[in-house]
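A.B. asks: Predicted model and sequence follow; I will ask about them next.
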Amino acid sequence: MKRTLGVCYYPEHWPEAQWAEDAARMAEAGLTWVRIGEFAWSRMEPRPGVLTFDWLDRAIATLGAAGLRVVLGTPTATPPKWVVEKHPDMLAVDAQGRPRGFGSRRHYCFSHQGYREESRRITRLLAERYGRNPHVAAWQTDNEYACHDTVLSYSDAARRGFRDWLAQRYQSPDALNRAWGNVFWSMEYDDFSQIDLPNLTVTEPNHPHILAFRRYSSDQVVAFNRVQTDEIRKCSDAPIIHNYMGRVTDFDHYAVGADLDIASWDSYPIGFLSDRIEVSDAFKLRFLRQGHPDNQAFHHDLYRAVGAMRGGLTPSTGRWWIMEQQPGPVNWAPFNPAPLPGMARLWAWEAFAHGAETVSYFRWRQAPFAQEQMHAGLLRPDSAPAPALAEAAQVAAEIETLPEVGTAQARVALVFDYVSAWAWEAQPQGRDFDMFRLAFAVYRALRRAGLSVDILHPDTADLGHYALVFAPGLMTVSDPLRAALSRFGGIALIGPRSDTKTAELSIPLPLGPNIPGLDVSVVLAESLPPIADVPLEGGGRFLHWVEHLEGSAPVLRRTAAGEPAIMGDRLRYLAGWPDDDTLFAIVTGLCAEAGLPALDLPEGLRIRDTATHRFVFNYAPEPQAWNGVTIPAAGVHWEALA
Ligand code: GAL
């Protein structure tokens, strides 16, 4: 499959007379796709029932005439003022009980049935009008579910919906009381109508109450999205996509992915390094203009798995895009430096090497007005080229010359679970315990070893492709995965904090993990402040989290104090959160046992193998040597695999 580039465009921001020239310049730069429409509701329907699609007809025609393929977004992330006036209680409500006001975006509550119907209606109108339009070649539902912390809403609509959801899940208040342990602190209910949302309590709400609300809220995102996919599919055969975000675990992306043809995500490497990743100041300085060398890759692999959910695909072959690629400084991070020259190209190639079909830059021209006026585009506000335009054009030219880069089957897998992320947010037990952070730590060690990784859904029932499987931080190991692990012929490293809870976030009896073939129990867990660690025998240490293990499984590694640190055989339990070097040593030790070649890549140099090529990316701010080649800062190198 030929990889393609695209760009996000807002025809409603520019005079119509400019559209044709914009379209011609996009095509000239080698772009294939143009995403439009996702915030334009007030121009599609300025007043209730007054439809003004004529400009959109002309915009699509103009873009299409230039040879571009349109991704048409549904505009439901920005309900205009009249929609809010019609449904005043549709606003999301924060945990303090305050409505989230009109005047930016994403102000709706996912639970509000009236808004869900408005969203169905506008989606249906778009689908009916453009479902057979030859230029509309893909759809985007809404925009960045969860952005601006909008999945959890403590509204009346959410309270009503939650009570219904609880009644369906538990059937009787008694069953709910038992499942949650509500006898503790006299929290028992006689009727589902007595149950409130888990906010505004005196001290922490009961953890299963929080977890149930997280599950409920995630289900609302899935249901909201499905309304749109149902409407679009009635009128169109074009693939349907949503643009997910980086480091967002607020809803089950796999579950949304099951209703979509292609997953995509919005990659802002420099913005993320500024405020979403726990690294030292020295590291932030070194990668200030490049982003974290492993963060993009992690999300590429994660969303490839999400893109495999609709069936017939595997975590290695899932369909995914970058819908928004950072081109220059963004406006929203605490600090917003410009990328190093070359990064807008490097990020695109890295995505392609991980299997992306399309990389689409955000946005075409920097807007001189409104909230994002400081956000760069491929063009400056005065329409002169911004630096990323030439880089995008270079990638477009390179795509033409480079042979096919099909995805390879990875031999290493990492299980990632959204429910566990919610569980540990509800019950962190240690401030630094975070599901993303833990999974990303394992991922970084694998990347440093030069390994290509598949990320797996927690219900994965077949591990047959893999030699090594990592399953850190899984609240419960699902039955299919438990069975797959028991049959697994490779080596699996489970833990820390895996299978140590029931699905209701209680401690299982017998104590977990309860995986056939692994006679280990976690009998006590400790969390540690950043100033403390637990040294291991022979070097290395645990940070943040350490568990005390019992059982008859062989002890493979001990702490300096002689306690088990890793136990097991083929299936192994890891009793703590190793620091980066310790984790790397564990990973390379496992590779040696499994017969997988492992490297020790210098910081900033990262590789990814496709079916035919090895790609090497230099995230470092200085040149680095690779196999006799010097790769400049922000450089990309590829070589055919033997
Ligand atoms: C994304 C969003 C875009 C734009 C962009 C700015 O989160 O989808 O609409 O706001 O960020 O970086």
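C.D. replies: Alright, I've got the coordinates.

A.B. asks: nearest spatial neighbour of the residue of the stretch 251-400 of the chain found nearest the ligand, skipping sequence neighbours?
C.D. replies: Relative to the ligand, the nearest point of the stretch 251-400 of the chain is residue 330 (4.5 Å; Cβ to the nearest ligand atom). Heads up, the C-betas are built off the backbone N, CA and C, glycines and all. Nearest non-adjacent residue to residue 330, counting by Cβ to Cβ, 6 or more residues apart in numbering: residue 271, 4.5 Å away.

A.B. asks: Secondary structure element holding the one you found?
C.D. replies: For residue 271, the host element (DSSP states H and E) is helix 269-275.

A.B. asks: where does the chain dip in pLDDT?
C.D. replies: 403 (pLDDT under 70).

A.B. asks: What's the first helix or strand after the strand ranked longest in it?
C.D. replies: Selection of the longest strand in the chain by residue count, based on DSSP state E, yields strand 541-550. As assigned by DSSP H and E, the chain's next helix or strand after strand 541-550 is strand 555-558.

A.B. asks: I'd assumed residue 449 was in contact with residue 600.
C.D. replies: Yes. Contact criterion Cβ atoms under 8 Å: residue 600 and residue 449 qualify, at 7.1 Å.

A.B. asks: For those two, indicate the residue with more neighbours.
C.D. replies: Using other Cβ atoms under 10 Å, the more surrounded residue of residue 600 and residue 449 is residue 449, with 20 against 9.

A.B. asks: Got phi/psi on the more buried one?
C.D. replies: The phi/psi pair for residue 449 (degrees, to the nearest 10) reads phi -80, psi 0.

A.B. asks: how far away is the nearest residue to it once chain neighbours are set aside from the ligand?
C.D. replies: In this structure, residue 449 finds its nearest non-sequential neighbour in residue 598, 4.0 Å apart by Cβ to Cβ, 6+ apart. Separation of residue 598 from the ligand (Cβ to the nearest ligand atom, to the nearest Å): 36 Å.

A.B. asks: next one: phi and psi at residue 598?
C.D. replies: Main-chain dihedrals, residue 598, degrees, to the nearest 10: phi -120, psi 140.

A.B. asks: How about residue 83?
C.D. replies: phi -70, psi -40.

A.B. asks: And it, how far from the ligand?
C.D. replies: From residue 83 to the ligand the distance is 19 Å (Cβ to the nearest ligand atom).

A.B. asks: Which secondary structure state does residue 70 sit in?
C.D. replies: Secondary structure, DSSP: H, G, I helix; E, B strand; the rest coil: residue 70 is strand.

A.B. asks: And the contacts of stretch 79-90?
C.D. replies: Stretch 79-90 is contacted from outside by 41-42, 45-48, 91, 102, 107-109, 112, 114-115, 118, 155-157, using Cβ atoms under 8 Å, 6 or more residues apart in numbering.

A.B. asks: just checking, residue 58 touches residue 16?
C.D. replies: Yes. Using Cβ under 8 Å, residue 58 is in contact with residue 16, at 6.9 Å.

A.B. asks: what about residue 625, which SS state?
C.D. replies: Under three-state DSSP, residue 625 comes out as strand.

A.B. asks: And for it, nearest residue in space, chain neighbours not counted?
C.D. replies: Using Cβ to Cβ, 6+ apart and skipping the chain neighbours, the partner closest in space to residue 625 is residue 631 (7.6 Å).

A.B. asks: Look up how far the ligand lies from the one you found.
C.D. replies: 28 Å.

A.B. asks: Make 40 the starting number, not 1.
C.D. replies: Understood, numbering begins at 40; the last thing we discussed is residue 670.

A.B. asks: for this protein, what's the longest helix?
C.D. replies: Counting by DSSP state H, the longest helix found in the chain is helix 246-274.

A.B. asks: who does the following helix or strand past that one pair up with?
C.D. replies: Later in the chain than helix 246-274, the nearest helix or strand by DSSP H and E is strand 279-283. Applying DSSP bridges, strand 279-283 is found paired with strand 175-179 (parallel), strand 301-306 (parallel).
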